[in-house]
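Asks: Got a predicted structure plus its sequence, pasted below:
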Protein chains: 2
Amino acid sequence: MLSDIEIAQATKLIPIDQLAHEAGLTDAEFEPYGRDKAKVELDASRPDTAKLILVTATSGMPAGSGKTTTSIALAQGLKQLGKKAVLALREPSLGPVFGMKGGAAGGGYSQVLPMEAINLHFTGDFHAITSANNLLAALIDNARHQGQVELKEIFWRRVMDVNDRMLRNIVTGLGGSANGIPTEAGFDITAASELMAVLCLATDLDDLRARIDRIVIGTRRDGSAVTVQELGVGGALVALLKDAIKPNLVQSIEGNLAFVHGGPFANIAHGCNSVAATRAAMKLGDYAITEAGFGSDLGAEKFYNIKCRAAGLNPAAVVLVTSTKALKWHGGVPLPEIGKPNAEALKKGLCNLDAHVENLKRFGPNIVVSINHFHTDLDEELDIIRNRCAELGVRVALSDGFALGGKGAVDVARAVIEAAEDVHPLNFTYEADAPVMEKVEKIAKTIYGAAAVELAPAAAKDLKRLQDLGFDRLPVCIAKTPFSFSHDPKLLGAPKGFTLPVQRLILNAGAGFVVVTTGAIMRMPGLPKVPAAMSIDVKDGKITGLA
Amino acid sequence: MLSDIEIAQATKLIPIDQLAHEAGLTDAEFEPYGRDKAKVELDASRPDTAKLILVTATSGMPAGSGKTTTSIALAQGLKQLGKKAVLALREPSLGPVFGMKGGAAGGGYSQVLPMEAINLHFTGDFHAITSANNLLAALIDNARHQGQVELKEIFWRRVMDVNDRMLRNIVTGLGGSANGIPTEAGFDITAASELMAVLCLATDLDDLRARIDRIVIGTRRDGSAVTVQELGVGGALVALLKDAIKPNLVQSIEGNLAFVHGGPFANIAHGCNSVAATRAAMKLGDYAITEAGFGSDLGAEKFYNIKCRAAGLNPAAVVLVTSTKALKWHGGVPLPEIGKPNAEALKKGLCNLDAHVENLKRFGPNIVVSINHFHTDLDEELDIIRNRCAELGVRVALSDGFALGGKGAVDVARAVIEAAEDVHPLNFTYEADAPVMEKVEKIAKTIYGAAAVELAPAAAKDLKRLQDLGFDRLPVCIAKTPFSFSHDPKLLGAPKGFTLPVQRLILNAGAGFVVVTTGAIMRMPGLPKVPAAMSIDVKDGKITGLA
């Protein structure tokens, strides 16, 4: 079979003008970026009536779950069945693209295109966020340097869209007073910037401005909060984000409209594409297919409790992506053995599927399990999963989207159409105004299976400060490994009875949540021994090796 | 009078498709970025036969010289006279835009548009350079962390497109060995990245790749050089710069084609737009108008000795921008008094004009002095400048481009047409293969007026290393204050007899030159007491306060 990028480059793209016009967009509603991408600002009067479908997955494993591929395959499958299906996905980050994971625009015959552009700079949204984030950092430090503001603690960190462990903990301002004030500082990856979350949750430019003005950058010696509004630089940051807030329109291999916009990671941030993109997809399709990152304990939990609550969304159905490989991994099979027959390990790993289904049931929307089909799968293994789904009372279908595109996903599409026929109201995991730690405990105990939550000393200090500042009743955005329901990537399957260690509680007043880091999670990844960057090249003007 | 941004926003732009088609571009030769910008890749077979005109200026002063405004006015003036005049200018940097200087897209009725986009993210070229630069930094540190390369000294610094003094000198890799190796490091502004120079000098993708592979990132314990090629990551960097290398097409207020591409500062880098943009302008116009940053001692010197030499360009004429204000400043008048009549100070400042004319004569191309007209100018003051130009034997004309657009620059345009009629061969300041310090001395003594050059201990060490590595005969790119011919911004007029202190010699093997820093010049600016960011805002979806 051809590689992803070979399939992508062999596909003839519909010119973006034609794609937009055929979808009924007026010239005022889109601006082309190249011949195959556009920034879109749909007329506000368009109703957003599509049925919203969330795609999530069972717990992660090092090889990835195929969630984006399934999302795209599903949209293409619905198209095969004569439905208008529009995608709303996250933008890839340069960190993983040049690091370990590679690109994030689907795979095989279920990709969004142009995959090279989407995986690299795309329309510059991440760069706009990086710029705005770091301009704010420079303005904060300058105000201190000029003696205009006195900050005891600075919460605002710099960001960069790269995997660079050396930037996690740094000291800035060295070399004498002309070069600033020596300060402990650090960089997160851009996907973890509060501005990324703000951009993804903002409903319009005014809301963007209001959220930015609310950001708490640090505290004074008397303990009071200093906001962006007090610094008077919100306008400059909005100027940098003015175009980035508009969703990006591209297409699937089979010509579905696809909005690819916003890219917070689901392990270290809230894991959902922008509300603007989801709404745009809901304005243009019968079905809007959106994805939340990693397993349902991460992306789906935050999708429901943060994004749906904030934006008033009510999904009609949820697709839970799993595979024999993912379940075997959670049944204890090491990576090199994962493609080999092993019904026992698969059965052992079913507990992971059970727990995800149980969690998703509590939220309300009907569930379709989509089995990501590998050519190594045995029928008896697939039957093991099918049978368990029958026992759990959820629909199940096989997806061959990677190998066959939309034709490989018509069964999933049919199941989704059925599942989405009766829409259930959404049940949140926690009350909107409950104290932060009550929220964390609710999620830890009901979704993760923890017995208890333990605050590290720094987290206890953070909590006290949140209480003092009056931000202790915000929603929570938990940062946690995607490889386990717990904080420990080695606890496979459906671990129970563990104690979830909370390291820090980071106020994101503009995003409107508190980021809760657990276990050893870090918000700036590092590069592996052999980074993907080593394989990427340009030959005859074409990018190669991007996977 | 309206502000720059008000004038810009009141101008009806020609749609980019129409602009490109009317200029004879095929659809294959351009890609729209929005409705008013495009990336261009002209057919290589088009002849580049336009007469090339360089716009430079007398020495800087805090209020700016109006060089970009004059360049645009000149192009518009030539258009008034029925000539096809195409601009090739540098892209603004976000550092000055949010710092002290503000935007850099011209002023008044001589601007390139859309000025907001050009001054902010534009088509993402700076961001692409920042990404590639910092990916390389992360890959270098990762190779050290993984024990794959042993570096005694690392030359490669990180960059960011922001004014942030706190990032000049930092320590990275703190917090234990999982977070890297504690290392002294630092950030320059993106405009000073070697990759910026590489992008501006590369003739095509293959040349870009070859230059990147040649970059020396540091030395081993045995003193030998480590290159990007040895690291094996050149392909990934080219993938990030693949689109950035294409010139950006926009328009002047009066509809001239304008290529705005590449943005090295002239005080800390080589100060010229890309060779690709200059060549594109030469393919589409009768006249190609290009600009080099700051005074002729900086931008023009590097334009001739670095850019023209590398690219084989031979300008037909040079425009030297000056004003009563600039010359009064160099005659010793403080900034608040600069608009007031003061013929004596003006006469005193003429020595600055003399020295620039004398320098420019040596290079060969005919000179036109363009007086940037202010409404406070007295006729007798203008006559003082005109008379001196007559004595110096150079053409002179008044430019009212700011207030009147092209109509205000027809005299300059006529003088340029005349001056460009007989093209002189170019005389370089130094032989291509002379030793580095001989080159620095040549420039310091013949162009700056220095009596001697003195190496700081660090520079002497740098020189020894350049010799050891075999890079001691490259061209030199001198970093120096723009406010004086000397290294000391307080030495106004045409100082003589000073000793030029050289601080560092920084190898840029990919760009093909050695950066020579002098005096107290820093390659990462800081923010002023009241940054321009404080005035910038977005109202009703439109940017305000950008100047």
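Replies: Nice, I can see it.
Asks: State the helix or strand in which the residue nearest to residue A:546 when sequence neighbours are not counted lies.
Replies: Closest residue to residue A:546 apart from its sequence neighbours, by CB to CB, 6 or more residues apart in numbering or on different chains: residue A:5 at 5.1 Å. Where C-beta positions appear, they are placed from N, C-alpha and C, glycine not excepted. Applying DSSP states H and E as the criterion places residue A:5 in helix A:4-10.
Asks: Does anything pack onto that helix? Which helices or strands?
Replies: Helix A:4-10 sits against strand A:110-113, helix A:115-119, strand A:542-544, with contacts defined as 3 or more CB pairs under 8 Å, 6 or more residues apart in numbering or on different chains; DSSP states H and E.
Asks: Output these in a markdown table; the columns should cover mean neighbour count.
Replies: Formatted as a markdown table, the helices and strands packed on helix A:4-10 follow (neighbours: other CB atoms under 10 Å in any protein chain shown):
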| stretch | mean neighbour count |
| --- | --- |
| strand A:110-113 | 28 |
| helix A:115-119 | 25 |
| strand A:542-544 | 18 |
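Asks: Which of those sits closest to residue A:507?
Replies: Across these, residue A:507 has its closest neighbour in helix A:115-119 (32.2 Å, CB to CB).
Asks: show me what contacts residue A:311?
Replies: By CB atoms under 8 Å, 6 or more residues apart in numbering or on different chains, the contact set of residue A:311 is A:201, A:203, A:275, A:278, A:279.
Asks: Repeat the analysis, applying 6 Å as the threshold.
Replies: By CB atoms under 6 Å, 6 or more residues apart in numbering or on different chains, the contact set of residue A:311 is residue A:275.
Asks: thinking again about what came up before, compile the helices and strands packed on helix A:4-10 into TSV and extend it with columns for mean pLDDT.
Replies: Listed next are the helices and strands packed on helix A:4-10 as TSV, based on pLDDT from 0 to 100:
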stretch	mean pLDDT
strand A:110-113	98
helix A:115-119	96
strand A:542-544	94
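Asks: of all these, which lies closest to residue B:327?
Replies: Closest of those to residue B:327 is helix A:115-119, at 49.5 Å (criterion: CB to CB).
Asks: what does that closest one rub up against?
Replies: Contacts of helix A:115-119 (CB under 6 Å, 6+ apart): A:8, A:92, A:97, A:103, A:105, A:260, A:543, A:546.
Asks: one more time with 7 Å
Replies: If you take CB atoms under 7 Å, 6 or more residues apart in numbering or on different chains as the criterion, helix A:115-119 is touched by A:4-5, A:8, A:34, A:37, A:91-92, A:97, A:103-105, A:112, A:250, A:260, A:543, A:546.
Asks: and the least confident of those residues?
Replies: Lowest in pLDDT among those is residue A:103, which has 82.
Asks: So it sits against residue A:547, correct?
Replies: Yes: using CB atoms under 7 Å, residue A:103 is in contact with residue A:547, at 6.2 Å.
Asks: Give me the more crowded residue out of those two.
Replies: Counted by other CB atoms under 10 Å in any protein chain shown, residue A:103 and residue A:547 do not tie: residue A:103 has more neighbours, with 23 against 15.
Asks: quick one on the thing from earlier: can I get the helices and strands packed on helix A:4-10 in JSON lines with distance to residue A:459?
Replies: Output for those, formatted as JSON lines (distance: least, CB to CB, whole Å):
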{"stretch": "strand A:110-113", "distance to residue A:459": "39"}
{"stretch": "helix A:115-119", "distance to residue A:459": "36"}
{"stretch": "strand A:542-544", "distance to residue A:459": "43"}
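Asks: Quick one, which of those gets closest to residue A:349.
Replies: strand A:110-113 (24.5 Å).
Asks: Just checking: what are the partner strands of that closest one?
Replies: Using DSSP bridges, the strands paired with strand A:110-113 are strand A:106-107 (antiparallel), strand A:248-252 (antiparallel).
Asks: could I get these as a markdown table with distance to residue A:375 and mean neighbour count?
Replies: Formatted as a markdown table, those follow (distance: least, CB to CB, whole Å; neighbours: other CB atoms under 10 Å in any protein chain shown):
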| stretch | distance to residue A:375 | mean neighbour count |
| --- | --- | --- |
| strand A:106-107 | 14 | 28 |
| strand A:248-252 | 23 | 28 |
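Asks: Which of these has the lowest mean pLDDT?
Replies: Among those, strand A:106-107 scores lowest, at a mean of 95.
Asks: rewinding a little: can you lay out the strands paired with strand A:110-113 as CSV showing distance to residue A:78?
Replies: Below are the strands paired with strand A:110-113 laid out as CSV (distance: least, CB to CB, whole Å):
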stretch, distance to residue A:78
strand A:106-107, 15
strand A:248-252, 11
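Asks: Which of those strands sits closest to residue B:336?
Replies: Evaluated over the strands paired with strand A:110-113, closeness to residue B:336 peaks at strand A:248-252, with 48.5 Å, by CB to CB.
Asks: can I assume residue A:475 is in contact with residue A:306?
Replies: Yes: Residue A:475 lies in contact with residue A:306 (CB under 7 Å); the separation is 5.4 Å.
Asks: Now do the shared contacts for those two.
Replies: Common contacts of residue A:475 and residue A:306, defined by CB under 7 Å, 6+ apart, comprise residue A:513.
Asks: Ignoring the adjacent residues along the chain, who's closest to residue A:511?
Replies: In this structure, residue A:511 finds its nearest non-sequential neighbour in residue A:197, 3.6 Å apart by CB to CB, 6+ apart.
Asks: Helix or strand next in line after the helix or strand hosting that neighbour, which one?
Replies: Assessed by DSSP H and E, residue A:197 sits inside helix A:194-201. Later in the chain than helix A:194-201, the nearest helix or strand by DSSP H and E is helix A:205-214.
Asks: Show me which parts of whichever strand or helix holds residue A:383 are buried, residue by residue.
Replies: Residue A:383 belongs to helix A:379-392 when assigned by DSSP H and E. Across helix A:379-392, burial judged by 16 or more other CB atoms under 10 Å in any protein chain shown covers A:381, A:382, A:384, A:385, A:386, A:388, A:389, A:392.
Asks: Tell me which helix or strand comes right after it.
Replies: Next along from helix A:379-392, by DSSP H and E: strand A:395-399.
Asks: three-state assignment of residue A:39?
Replies: Following DSSP: H, G, I helix; E, B strand; the rest coil, residue A:39 is assigned to strand.
Asks: okay, now the closest residue to it other than its chain neighbours: neighbour count?
Replies: Closest residue in space to residue A:39, ignoring its immediate chain neighbours: residue A:246 at 4.3 Å, by CB to CB, 6+ apart. For residue A:246, the number of neighbouring residues by other CB under 10 Å comes to 22.
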